[in-house]
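Participant: using only what follows, build the 3D model:
(chains A and B)
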Amino acid sequence: MSTTSGLTDALRAEHAAIFAYGTLGARLDGATVAVAEVAEAAHRARRDALILRLNALQASAPPAEPAYALPAPVADRAAALQLMITVEERCAAIWRQALPTVTGDDRRLAVDALVDCAVRATKARTLAGVKPATVPFPGR
Amino acid sequence: MVLTVPVRMGGDRGGHSRRTVLGAVLAVVGAVPLAGCDSLRQAPRERPAPDPLNPFYLDTLALARRYDATITAVPGLAERLGPLRDAHHAHAQALVREMGPGLNQPSATPSETAPADQTAALAALLAAEKEASAAARETCLTAPSYRAALLGSIAAARASHVEALS
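Facilitator: Okay, here's the model as predicted:
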């Protein structure tokens, strides 16, 4: 996998994550919606950084799809938190896959993104009452 | 299962429905690690001794033993800290496998101590995890590509421990 394909996969994942947060936010309450808003903003920032980087590499930056299929209906708070956990775990996996393909500042971008996904997944598991709230190898 | 396989719905008739689009995106992404792993396995590895991961491995072992000591000193924390301790031991084992013959197994292992007071014990672990996560991140940044994913996961796990202890 090349640097470009690793970053392109990450961009696709960030697009999907942003879509998911737009859906799940409506099902959350006061404290949890604030966590989701911060998380969504972080995914937007990573998306923007990826688009800039792919442009600099003169690589194609795939746009967001108009819509994405969610794995399950987001009917309530519990389902919304489960979706948040899933999204963060999937994003962590994609950033982890990108790590061996990149060096320098791109490596920094990827490891910071992986770290942040793992932290947000732990936040979501804690809010959802999932124990343990951590996994030994995030993204694996 | 969620977000990993294309979702088939009776109402879809092909084309770019919502469900097939996300399914396709994630199916493509899901296919990547297998290809990546194959290429990593086939990559030539030159490992001059001693392996530069040895100091990182010793720090990882020390962190794991610090949890062991804390759980011994404050048994009431066993349930909460057990998964975090187990993760550090799993990291150490993964590093042993990664280094293979380049591992310098320490002949003597210094014992770790922990405060008997619960609040102080948790604060000490929190500080240690912050430092350890930053160290793993730095190690990841300078590591050869075939070790970047493992070290990135270790950095991420330690950062998630900071969250869990906060």
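Participant: and B:N104, helix, strand or coil?
Facilitator: Per DSSP: H, G, I helix; E, B strand; the rest coil, the secondary structure class of B:N104 is coil.
Participant: and it, what pLDDT?
Facilitator: You'll see B:N104 listed with a pLDDT of 90.
Participant: who touches it in this structure?
Facilitator: Taking Cβ atoms under 8 Å, 6 or more residues apart in numbering or on different chains as the criterion, B:N104 is in contact with B:P50, B:D51, B:N54. The C-beta positions use only the backbone N, C-alpha and C, and glycine is treated the same way.
Participant: give me that answer again for 10 Å
Facilitator: Residues near B:N104 by Cβ atoms under 10 Å, 6 or more residues apart in numbering or on different chains: B:A49, B:P50, B:D51, B:N54, B:P55, B:Y57, B:L58.
Participant: please apply the same query to A:Q82.
Facilitator: By Cβ under 10 Å, 6+ apart, the contact set of A:Q82 is A:L24, A:P71, A:A72, A:V74, A:D76, A:A124, A:R125, A:A128, A:V130, B:V2.
Participant: which element is the first one on?
Facilitator: Read it as A:L24. Assigned by DSSP states H and E, A:L24 falls within helix A:3-24.
Participant: average pLDDT for that helix?
Facilitator: 96.
Participant: for burial, what's the neighbour tally of A:G129?
Facilitator: 9 (other Cβ atoms under 10 Å in any protein chain shown).
Participant: nearest residue to the middle of chain A?
Facilitator: Against the mean C-alpha coordinate of chain A, by Cα atoms, centre = their mean, the closest residue is A:C91 at 4.0 Å.
Participant: from the chain's centroid, how far away is stretch A:123-140?
Facilitator: The chain centroid and the centroid of stretch A:123-140 are separated by 14 Å, computed with Cα atoms, centre = their mean, to the nearest Å.
Participant: pull out the buried residues from that stretch.
Facilitator: A:123-128, A:132-140 (16 or more other Cβ atoms under 10 Å in any protein chain shown).
Participant: how far does it stretch from start to finish?
Facilitator: The stretch stretch A:123-140 measures 18 Å between its terminal residues, going by Cα to Cα, to the nearest Å.
Participant: so where is chain B shaky, pLDDT-wise?
Facilitator: Along chain B, segments meeting pLDDT under 70 span B:1-49.
Participant: hey, where'd the helices end up in it?
Facilitator: Remark: helices assigned in chain B by DSSP state H are B:18-42, B:54-73, B:78-99, B:118-142, B:145-165.
Participant: would you turn the ones you listed into CSV with distance to chain A and mean neighbour count?
Facilitator: Formatted as CSV, the helices of chain B follow (distance: least, Cβ to the nearest Cβ, whole Å; neighbours: other Cβ atoms under 10 Å in any protein chain shown):
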stretch, distance to chain A, mean neighbour count
helix B:18-42, 3, 16
helix B:54-73, 12, 20
helix B:78-99, 4, 18
helix B:118-142, 5, 18
helix B:145-165, 4, 25
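Participant: among those, which comes closest to A:A34?
Facilitator: A:A34 lies closest, by Cβ to Cβ, to one member of those: helix B:145-165, at 15.4 Å.
Participant: which ones among the buried residues of stretch A:123-140 also lie next to chain B?
Facilitator: When contact is defined as Cβ under 10 Å from any Cβ of the partner chain, the buried residues of stretch A:123-140 meet chain B at A:K123, A:R125, A:T126, A:P132, A:A133, A:T134, A:V135, A:P136, A:F137, A:P138, A:G139, A:R140.
Participant: for the residues you listed, work out which two are farthest apart.
Facilitator: Greatest spatial distance among those (Cβ to Cβ): A:T126 and A:R140, at 20.6 Å.
Participant: residue contacts, the nearest residue to A:R140 once chain neighbours are set aside?
Facilitator: The spatially closest residue to A:R140, leaving aside those adjacent along the chain, is B:S153, at 5.7 Å (Cβ to Cβ, 6 or more residues apart in numbering or on different chains). Taking Cβ under 10 Å, 6+ apart, we find B:S153 in contact with A:92-93, A:96, A:99, A:111, A:114-115, A:118, A:135-140, B:91, B:94, B:136, B:140.
Participant: again, 8 Å this time
Facilitator: Going by Cβ under 8 Å, 6+ apart, B:S153 touches A:R96, A:L114, A:F137, A:P138, A:G139, A:R140.
Participant: so the first one touches A:R140, yeah?
Facilitator: Yes. Counting by Cβ atoms under 8 Å, A:R96 touches A:R140, with 6.7 Å between them.
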